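# Have a look at this prediction, sequence included:
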Amino acid sequence: MAEASSLQDLNSRVVACERCPRLRAYCAEVASVRRRAYADWEYWGRPVPSFGDEQARVLILGLAPGAHGSNRTGRPFTGDGSGEFLYPVLHETGFASQPKAVSRDDHMKLTSLWITAVVRCAPPANKPTPEELRNCAPWLDEEIGLLRDLRVVVCLGKIAFDGLLAWAVRTGRLNLRTGCAFSHGAEFTLPGGLSVLASYHPSLQNTNTGRLTRPMFLEIFRRARRLADLGLEGMKG
Ligand code: SF4
């Protein structure tokens, strides 16, 4: 039998994580009560493993699973409104094999892209506590360390952006977070060469109100593609 890769091994350990009692209880309750529209679904109900191409040059860093999205389907941005906005853009920019993400069995493949989140269990009201963010941070540290080809991180929303800056401080790439303010389209390069791009989160709250439009989001991923390819040209040279 083939050995599990380090990223697969990490995902297996994440799925069994119990560090946040409040989140574990909430996810289990949502999975047991269910939304009427999904009454026939066997909810995932556990920490959501990351998803993508292990040779990814681009990482999407999200906030947390949606209670009836990833917490139901077991895959990031799969089965909810955020995913319905995200995956067509990933498909158009060549990162995703198809525009629709409905379940773990829908044959979606990502190319040069890995998707993760700063918190891997659905939080009530989409609001993890500072302690829960800290509990989940070691998973991100390990994961980024395993993504050996990584060149670009796209942070979806301010909490993800802050999470990435906290990672940069923890790992010695930055001394202080000051000077890196969140705004849609903000971009900078960390010492060592990793590019960071900030975007509004594709939540229904942002996409239904026009705060985040499809052209704005497309431009983020076109820019991510260019930055990832620039790194490739640099390596070839
Ligand atoms: S949020 Fe992260 S640290 Fe907390 S239980 Fe879930 S996987 Fe574990």
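Okay, I see it.
# SS state for residue 161?
Here residue 161 is helix, with the state taken from DSSP: H, G, I helix; E, B strand; the rest coil.
# got a list of what it touches?
Residues in contact with residue 161 (Cβ atoms under 8 Å, 6 or more residues apart in numbering) are 155, 182, 186, 196, 198. (Each C-beta comes from the backbone N, C-alpha and C, glycine too.)
# Then residue 186?
Residue 186 sits next to 161, 180, 197, 198 when contact means Cβ under 8 Å, 6+ apart.
# Going by neighbour count, which of the residues you listed comes out on top?
Neighbour counts for the contacts of residue 186, by other Cβ atoms under 10 Å, peak at residue 161, which reaches 26 neighbours.
# pLDDT of stretch 134-141, averaged?
On average, the pLDDT along stretch 134-141 is 98.
# What are the buried residues along that stretch?
135, 136, 137, 139, 140 (16 or more other Cβ atoms under 10 Å).
# Check these one by one and keep those near the ligand.
Intersecting the buried residues of stretch 134-141 with the contacts of the ligand gives 135, 136 (criterion: Cβ under 6 Å from any ligand atom).
# which ones among the buried residues of stretch 134-141 are found in helices?
Here DSSP state H is the test, and these give 135, 136, 137, 139, 140 as lying in helices.
# The first one: what's its closest spatial neighbour, skipping adjacent residues?
The reference is to residue 135. residue 19 (4.3 Å; Cβ to Cβ, 6 or more residues apart in numbering).
# who in the chain is up against the ligand?
Counting by Cβ under 6 Å from any ligand atom, the residues of the chain that sit close to the ligand are 14, 17-20, 23-24, 47, 119-121, 132, 135-136.
# how about 5 Å then?
Taking Cβ under 5 Å from any ligand atom, the part of the chain that reaches the ligand is made up of 17, 19, 20, 47, 119, 120, 121, 135, 136.
# got CSV for these, with secondary structure and distance to residue 5 too?
Conversion of these to CSV gives the following (DSSP: H, G, I helix; E, B strand; the rest coil; distance: Cβ to Cβ, whole Å):
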residue, secondary structure, distance to residue 5
17, coil, 19
19, coil, 23
20, coil, 26
47, coil, 18
119, coil, 23
120, coil, 18
121, coil, 23
135, helix, 24
136, helix, 21
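# ok, and for the longest helix seen in the chain, which residues are buried?
Identified as the longest helix of the chain according to DSSP H is helix 214-236. In terms of neighbour count (16+ other Cβ under 10 Å), helix 214-236 has its buried residues at 216, 217, 219, 220, 221, 223, 224, 225, 227, 228, 231.
# what's the distance between the lowest-mean-pLDDT helix or strand in the chain and the middle of its chain?
When the helices and strands of the chain are compared on mean pLDDT, DSSP states H and E, helix 214-236 comes out lowest with a mean of 85. Averaged C-alpha coordinates place helix 214-236 at 17 Å from its chain's average position (Cα atoms, centre = their mean, to the nearest Å).
# And the helices in the chain, which stretches?
So, for the chain - with DSSP H - the helices run 6-15, 21-33, 70-73, 81-92, 130-146, 158-170, 204-207, 214-236.
# Relative to residue 109, which of the ones you listed is closest?
Comparing these by their distance to residue 109 (Cβ to Cβ), the top pick is helix 81-92, with 10.7 Å.
# Remind me what that closest one packs against, helices and strands.
If contacts are counted by 3 or more Cβ pairs under 8 Å, 6 or more residues apart in numbering; DSSP states H and E, helix 81-92 sits against helix 204-207, helix 214-236.
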